[in-house]
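1. Fold the following, please.
(one chain, ligands or ions: 3)
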Amino acid sequence: MPLHLLPDQDVTPPRPAAPPPPGRARRRHRQVAGGALDPKLLIASLPDAVRKLSPRVMVRNPVMFVVEVGSVLTTLSALLAPSVFAWLISAWLWLTVVFANLAEAVAEGRGKAQAESLRRARSGTVARRLRRWRVGMDRRDWEEERVPAAELCPQDFVVVAAGETVPGDGEVVDGVAAVDESAVTGESAPVIREAGGDRSGVTGGTKVLSDGIVVRITSRPGHTFLDRMISLVEGTTRQKTPNELALNILLCCLTVIFILAVVSLQPMAAWAGAPQTITVLVALLVTLIPTTIGALLSAIGIAGMDRLVQRNVLALSGRAVEAAGDVNTLLLDKTGTITLGDRQATSFVPVKGVPHELLADAAQLASLADGTPEGRSITALARRYGIDHDPADFTHGRFVPFSARTRMSGADFAYEGDFLRIRKGAGSAVTAWVTRRGGHVPTEAGWIVDSIAAGGGTPLLVAVEDRGGARVLGAVHLKDVVKPGIAERFAELREMGIRTVMVTGDNPLTARAIAAEAGVDDYLAEATPEDKLARIRAEQAGGNLVAMTGDGTNDAPALAQADVGVAMNSGTSAAKEAGNMVDLDSDPAKLIRIVEVGKQLLITRGALTTFSICNDVAKYFAIVPAMFGGVTGYEGLEKLNVMGLHSPTSAIASAIIFNALVIVALIPLALRGVRYAPAGAHALLRRNLGVYGLGGLIAPFAGIKLIDLLIQYVPGI
Ligand SMILES: Nc1ncnc2c1ncn2[C@@H]1O[C@H](COP(=O)(O)OP(=O)(O)OP(=O)(O)O)[C@@H](O)[C@H]1O
Ligand SMILES: [K+]
Ligand SMILES: [Mg+2]
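-> Ligands and ions are numbered 1, 2, ... in the order given. Reported below is the predicted structural model:
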């Protein structure tokens, strides 16, 4: 069975590039959006903002819809009884609605340019589809046809050679290649993608730099990763999250209460001999309802998603982003997440009486059909002992592929008149296999396994069964390296109040050594996929909100169960489909950034809601005394004119103008998010109430007074 089907292919996979040391910024062409708002973007978004005035769009935002209806009423009233005041109020009410739409349009506009560059990566690729393909097929039998990439369907096989663009999303089923993913991730360092392991995922639009691969397509036409990313950054698939819906209901209730209050005010005013005009009543209503947060709510949500995309994370739902803000437990798998994941065989350790060559021979035989990085590195190491079996000689045998459940792999075949079964795998799994087949496992095997594991290595026991019975030959030492800088990242997570738990299929000793080196808070060893799932369920039952990062097919059930499931983009498609986020950089420490964005989103929404409600109080002090100024029986209200405003009309106009301007002033904050520094929830709440509550209370007094000083010179006010 030929394993390497492409010409001139280097059999040893190149070492993966180490992640950059922490702290050093990565070079990327996609800039993280800064805080300042580009005035050009504001102007460019104006047409969109005006288009959004359509009532069909506006009803989705009830608070602003009320303002729009109010604008229509005041405009009609200004037409019937023209006055400078009536026209001024009408104009500023329309501006209030436009400003709200502008916030949303600017938030959406930021993704448009990005979508454009993504579209370029997608278009125009021609795929080399293979008519029939199966594992082990000789490449001389390949029949190739050229089809547009957009026509590829799941289960199609395509071949991609060096220099060519990957035509669709899929999994490498044969070969290993260096891939340039910069079109999708903005990261220029090439990454390794290979068949068999947990680094098999490839994305359409990326470019193969060296070697060649056969890819099994997994995405439907029009539903590729790039398609999803485009609709995400353009905001076309955005839906309101449960939190947003709840806040919207609260805002609606407040609005209804204030409508009732304002409507019932009129008979009282009329009875006192001071009936109010429609313009004044609408103005009072608009200042009282929470227009600031109503205007900015959707922009805050879009900007949160956008901030994640800037960090190369695709959230498939807004709900996941919000959940990230509340996460307090993080589960990570070990291999490839905490470690580099390129487990290489470094030595054979035979039990007494077994020559190295025999162990190497058996280990290679058990790895002939094992396409995982572990299996290939064992084959390569055995070759150094001069052992070089040709898989084609064993076509009458049966290969036992590795699975996370059995934690073993191997082969059964007839050999020189005997029938051989060889297994290699986790110590406990192989021990159980030998015992089951009536063999005896020497205590020495346990020592070898433990000494490899204690150093953080992964021991694979190798056992054989022949006419002489089942017995252990020795162990293979697999080495893996903890990612540099990971301990600092976990310390950072701890500071944010997040507990880290490593879950691994590896044995307890290895797990303990790696856990200590990486600095995780807890670990779970010898975990089957079911165990990973059960652990998440247990954490959730204990009231924890759980995030999980993983890349393997064995991680998929757990990724689906977690509140936030972050799949590495390098991982298998099963993992990517199960999670609700995909990290394009395949960097497990990315969760820190994801949590930050989630927290920032929640804090920003809370802060601006507080500000919005508090800043309506001051406007009440501006408008109510103006309405009843000089009315007999209501002289007491004159005391409420604490700001000493110029005239009743200028007071009301100032409040409305301030109400509109505050929206524009807060757009940058809504888009950038409130600054987030790791701190406990209570400290954050106190700080935000202080800044945005008190600020919201005080700012309008100053603002309204200032506007009043300016507009008192407008004739007729
Ligand atoms: N190709 C292989 N052949 C035989 N045994 C293997 C092979 N790869 C791994 N194993 C054994 O199976 C165990 C479980 O592997 P699995 O992939 O489930 O977990 P892991 O990769 O060690 O941990 P993690 O869940 O952190 O990725 C490994 O610890 C190792 O002992
Ligand atoms: K308001
Ligand atoms: Mg794994």
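2. Going by C-alpha atoms from here, please, whenever you check contacts or count neighbours.
-> Will do.
3. List the buried residues of the one helix or strand in the chain whose mean pLDDT sits lowest.
-> Least confident helix or strand, the chain: helix 681-688 with a mean of 75, by mean pLDDT, DSSP states H and E. Buried residues in helix 681-688, counted by 16 or more other Cα atoms under 10 Å: N688.
4. Using CSV, write out the CA atom coordinates for it.
-> Extracted in CSV, the C-alpha atoms of helix 681-688 (Å, rounded to 0.1, in the frame of the first residue of the first chain):
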residue,chain,number,x,y,z
ALA,A,681,-16.9,41.5,38.6
HIS,A,682,-17.7,43.6,41.6
ALA,A,683,-14.8,46.0,41.2
LEU,A,684,-15.8,46.4,37.5
LEU,A,685,-19.4,47.1,38.4
ARG,A,686,-18.5,49.7,41.0
ARG,A,687,-16.2,51.4,38.6
ASN,A,688,-18.7,51.5,35.8
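5. what packs against it?
-> Of the remaining helices and strands, none touches helix 681-688 by 3 or more Cα pairs under 8 Å, 6 or more residues apart in numbering; DSSP states H and E.
6. Return the distance of that helix from the chain's centre.
-> 25 Å (Cα atoms, centre = their mean, to the nearest Å).
7. How about stretch 186-198?
-> Per Cα atoms, centre = their mean, the centroid offset for stretch 186-198 relative to its chain is 19 Å.
8. for stretch 104-116, same thing?
-> Using Cα atoms, centre = their mean, the offset of stretch 104-116 from its chain centre is 18 Å.
9. Check which element follows the least confident helix or strand of the chain along the chain.
-> Next along the chain after helix 681-688, taking DSSP states H and E as the criterion, comes helix 695-711.
10. residues of that following helix that come out buried?
-> Buried residues in helix 695-711, counted by 16+ other Cα under 10 Å: G695, G696, L697, A699, P700, F701, G703, I704, K705, I707, D708, I711.
11. quick revisit: tell me the angle the least confident helix or strand of the chain makes with helix 695-711.
-> Going by axes from the mean of the first three to the mean of the last three Cα atoms, to 10 degrees, helix 681-688 is angled at 20 degrees with respect to helix 695-711.
12. got a list of contacts for helix 681-688?
-> By Cα atoms under 8 Å, 6 or more residues apart in numbering, the surrounding residues in contact with helix 681-688 are A607.
13. swap in stretch 120-132?
-> In this structure, residues lying in contact with stretch 120-132 by Cα under 8 Å, 6+ apart are 142-149, 152, 156-160, 165-167, 183-184, 204-206, 226.
14. Selection in PyMOL covering whichever of those residues are buried, please.
-> Applying 16+ other Cα under 10 Å to the contacts of stretch 120-132 leaves a buried subset, and the PyMOL line that selects it is:
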select buried, resi 149+152+156+157+158+159+160+165+166+167+183+184+204+205+206+226
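15. So which of the contacts of stretch 120-132 sit within helices?
-> A183, V184, L226 (DSSP state H).
16. L359 belongs to a helix, doesn't it?
-> Yes. Using DSSP: H, G, I helix; E, B strand; the rest coil, the assignment for L359 is a helix.
17. Surely it touches V472?
-> No. Using Cα atoms under 8 Å, L359 makes no contact with V472, being 9.5 Å away.
18. Determine the residues that are contacts of both of those two.
-> V462.
19. just the ones in helices among the contacts of stretch 120-132 now: which is nearest V215?
-> L226 (17.0 Å; Cα to Cα).
20. quick one, what contacts that closest one?
-> Neighbouring residues of L226 by Cα under 8 Å, 6+ apart: L118, R119, R122, V184, G204, G205.
21. one more time with 7 Å
-> When contacts are counted by Cα atoms under 7 Å, 6 or more residues apart in numbering, L226 touches L118, R122.
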